[in-house]
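**Student:** coords below, sequence missing:
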Ligand SMILES: O=C(O)CNC(=O)[C@H](CS)NC(=O)CCC(=O)C(=O)O
């Protein structure tokens, strides 16, 4: 199975982003990919609440999602919309940061709302308050596919190892981490965390990312770290996409999951943690 990671510099215009993503989906399918993954908030990178309120829609009315489903069906590919920002069901006023897995017939087979909110002051000049705009999800999601069970996560979730362990112990062989990682944390944390999650679980870790300078919003330019990555179940880096947008392919071998877990079966060696109460 060939997977393709799309590295994007999404703008705050969902219609323009759709045109870009559809072209890249065709390029990925042309390169033989049967599973294509996009980064966090592929439909709209924006920190401007008024702009988001104007352009974002509930999932069922979102033209970006509809267009991507149509393209996936036309190409006959599996598609992970790493995440899309969508309006939540009332009365929740905040948006959902939602990962959608789309089957080759265009149907949505799994949806996961990002659980951990990035409420962090990375430095004097870099502060994030994700929970102000987004409502966190409260359940993990494992999706069955012909290439194995896929555990859905998003970006900052990466720092919470228990989620990945639970997904792997529930049967995941692929873990997805679509992201818009911050330039202040990416250089030191992104790759080691992705490798740790792969090593701990014996899963493939697929992490398509936003990259570069996004449209200025409310006077501030949003920057993201890029470096979309694929890690194999032994923890080796299969792909580092650098910082330019593009389509990046990797080969997935289900046998590699079995082999990594045979050599290092730590996933079955859990002990209860006692003595701290
Ligand atoms: O706000 C949006 O447009 C979409 N959401 C994001 O970009 C989120 C919250 S600001 N980014 C992260 O989770 C980065 C985590 C990170 O960088 C780390 O864990 O170090």
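**Tutor:** Yep, that arrived. A quick note: this is a predicted structure, and the numbers were derived from the prediction, not measured.

**Student:** C-alpha only now, for contacts and for neighbours.
**Tutor:** Fine.

**Student:** just give me the neighbour total for residue 166.
**Tutor:** 16 (other Cα atoms under 10 Å).

**Student:** just to be sure, it is in a strand?
**Tutor:** No. In this structure, residue 166 is helix, not part of a strand, as judged by DSSP: H, G, I helix; E, B strand; the rest coil.

**Student:** distance of it from residue 240?
**Tutor:** Look at residue 166 and residue 240: by Cα to Cα, to the nearest Å, they are 26 Å apart.

**Student:** who are the packing partners of the helix or strand residue 84 falls within?
**Tutor:** Per DSSP states H and E: residue 84 is located in strand 78-87. In terms of contacts (3 or more Cα pairs under 8 Å, 6 or more residues apart in numbering; DSSP states H and E), strand 78-87 is packed against strand 35-37, helix 63-75, strand 95-102.

**Student:** need the ones you listed in CSV (columns: mean pLDDT).
**Tutor:** Shown next, in CSV, are the helices and strands packed on strand 78-87 (pLDDT from 0 to 100):
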stretch, mean pLDDT
strand 35-37, 99
helix 63-75, 98
strand 95-102, 98
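
**Student:** what does stretch 237-244 contact?
**Tutor:** 7, 195, 211-212, 225-232, 248, 250 (Cα atoms under 8 Å, 6 or more residues apart in numbering).

**Student:** return a PyMOL selection command for the buried portion of those residues.
**Tutor:** To isolate the buried ones among the contacts of stretch 237-244 in PyMOL, judged by 16 or more other Cα atoms under 10 Å, type:
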select buried, resi 7+195+211+212+225+226+227+228+229+230+231+232+248+250
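
**Student:** do you know the pLDDT at the spatially most central residue of the chain?
**Tutor:** In the chain, the centroid-proximal residue (Cα atoms, centre = their mean) is residue 178; its distance is 1.7 Å. Residue 178 carries a pLDDT score of 99 in this model.

**Student:** find the nearest non-adjacent residue to it, please.
**Tutor:** Leaving out its chain neighbours, the residue that sits closest to residue 178 by Cα to Cα, 6 or more residues apart in numbering is residue 39, at 4.4 Å.
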